[in-house]
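J.: for reference, the sequence and a predicted model appear below.
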Amino acid sequence: MVLIARSSFFNAQRRAFSSSAATAYKVAVLGAAGGIGQPLSLLLKLNDKVTDLALYDLRGAPGVAADVSHVPANSTVTGYLPADGGLEKALTGADVVVIPAGIPRKPGMTRDDLFNTNASIVRDLAKAVGDYAPKAFTLIISNPVNSTVPIVSEVLKSKGVYDPKRLFGVTTLDVLRASRFISQVKGTKPEDEPVTVVGGHSGVTIVPLISQSNHPDISGETLDALTNRIQFGGDEVVKAKDGAGSATLSMAQAAARFTNSLLTSLSGTPVTEPTFVDSPLFKSEGIEFFASKVTLGPSGAETIHELGAVSEYEEKLIEACKVDLKKNIAKGVAFVEQNP
Ligand SMILES: NC(=O)C1=CN([C@@H]2O[C@H](COP(=O)(O)OP(=O)(O)OC[C@H]3O[C@@H](n4cnc5c(N)ncnc54)[C@H](O)[C@@H]3O)[C@@H](O)[C@H]2O)C=CC1
Ligand SMILES: O=C([O-])CC(=O)C(=O)O
């Protein structure tokens, strides 16, 4: 049971957005003026659990904040630039920090090709989180997620403030794509098609568990095509945008949904979502992080669920996933060791 029973998560999200907030939260978005950051900031403004929205970017954040602040919802929106301690101000008091800062892919690139630029961006922002918001729940969007999440973990460890329950790689877009693509195959509504997606967030590390969906009967070429589309959905958008970046609008929706799940859980109603976390599932094989269903609660990632029964087909996908994932995680850890 991944999502909110069989009811639509869109409906659940709408209900959650329109109910009066149980608690007030400050959410900081780092990279708020970017392709993801702008629509994400708008969606967070519409979430009434968010009472204080802090938007930080190297450029443009005050403009985005002024714009979003006119949306009629009772939260304060403030934009910050690096000058005058802007990052410290954005982070101080933040309950949740969402990080979409960093460059996106162009056609022909893998997510790993972003590592050289994004690793240091994420490392430096993680240092600031460690200094100014050490207890915040930190949601990493910047790619390559399989490496940037370990980077944040290493930085927070070096500052003595790492809490594995509070760090999340956002893999929600894979889950949304899986629901949408399976609904296209079956002619159903995506909100009625929960699909668990496990592993990591790039190519073959993305493993949809179709055997656990409503359609375990999907097989053969249809299963191959569906699995491939979910694993490489990001490439579809990169190609279509033709040099202008990667998924931004669907990603903003995905991040807004995960943030809302977390805030709902912090307010006392647990939500279970797949996300990439410090996980016991394959630690014995040297894989420190893995995405699986996680039940969120007041302390963050409270229960990390086993994968459950998987098909032979999925077992093979998981084996392939583990090979790449292990390397991606090691690369992030080594980066912080060599470039503290
Ligand atoms: N986890 C996921 O499922 C997905 C992740 N992504 C990743 O998200 C990242 C952002 O993508 P877009 O928003 O499309 O890129 P973008 O280039 O439109 O925006 C990135 C923003 O980050 C800002 N930035 C760069 N360095 C910064 C720093 N040190 N501090 C604060 N802000 C900084 C830039 O000024 C820019 O406004 C990329 O790495 C992309 O690959 C994209 C889609 C899905
Ligand atoms: O494909 C990319 O580079 C962006 C991304 O992570 C996605 O859309 O899943």
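T.: Happy to help now that I have it. Residues are numbered from 1 along each chain as shown. Ligands and ions are numbered 1, 2, ... in the order given.

J.: restricting to C-alpha, output stretch 333-340 in CSV.
T.: Below are the C-alpha coordinates for stretch 333-340, written out as CSV (Å, rounded to 0.1, in the frame of the first residue of the first chain):
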residue,chain,number,x,y,z
VAL,A,333,31.4,9.8,-0.6
ALA,A,334,34.8,10.0,-2.2
PHE,A,335,34.1,13.5,-3.5
VAL,A,336,33.6,14.8,0.0
GLU,A,337,36.6,12.9,1.3
GLN,A,338,38.8,14.5,-1.4
ASN,A,339,37.1,17.9,-1.4
PRO,A,340,35.9,18.5,2.1
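
J.: my read is that Glu285 contacts Cys321, right?
T.: No. Using C-beta atoms under 8 Å, Glu285 is not in contact with Cys321; the gap is 11.6 Å. The way it works is simple: take the backbone N, C-alpha and C, and place the C-beta from them, glycine included.

J.: neighbour count for those two, which is higher?
T.: Cys321 (26 against 10; other C-beta atoms under 10 Å).

J.: contact partners for the residue lying closest to the more buried one once chain neighbours are set aside?
T.: Using C-beta to C-beta, 6 or more residues apart in numbering and skipping the chain neighbours, the partner closest in space to Cys321 is Gly199 (4.1 Å). Counting by C-beta atoms under 8 Å, 6 or more residues apart in numbering, Gly199 touches 205-207, 290-291, 317-318, 321-322, 325.

J.: helix or strand for Asp48, which one?
T.: Per DSSP states H and E, Asp48 falls between elements, in no helix or strand.

J.: then Thr117?
T.: Here Thr117, judged by DSSP H and E, is contained in helix 115-132.

J.: ok, Glu314 next?
T.: Going by DSSP H and E, Glu314 is in helix 312-338.

J.: ok, and for that helix, which residues are buried?
T.: 314, 317-318, 321-322, 324-326, 328-329, 331-333, 335-336 (16 or more other C-beta atoms under 10 Å).

J.: near ligand 2 at all, that helix?
T.: No. Using C-beta under 6 Å from any ligand atom, helix 312-338 stays clear of ligand 2, coming no nearer than 13.0 Å.

J.: tell me the secondary structure for the closest residue in space to Val333 that isn't next to it in sequence?
T.: Closest residue in space to Val333, ignoring its immediate chain neighbours: Pro150 at 5.2 Å, by C-beta to C-beta, 6+ apart. With DSSP: H, G, I helix; E, B strand; the rest coil as the basis, Pro150 sits in helix.

J.: just checking, Pro150 touches Ile287?
T.: No. Using C-beta under 8 Å, Pro150 is not in contact with Ile287; the gap is 10.6 Å.

J.: give me the phi and psi for Ala61.
T.: Taking degrees, to the nearest 10, you get phi -60, psi -40 for the backbone angles of Ala61.

J.: now do the contacts for it.
T.: Ala61 neighbours (C-beta under 8 Å, 6+ apart): 32-33, 55, 79-81, 86.

J.: count of neighbours near Leu42?
T.: Using other C-beta under 10 Å, Leu42 has 16 neighbouring residues.

J.: do you know how far it is from Asp278?
T.: Using C-beta to C-beta, to the nearest Å, one obtains 31 Å as the distance from Leu42 to Asp278.

J.: alright, calling it a day.
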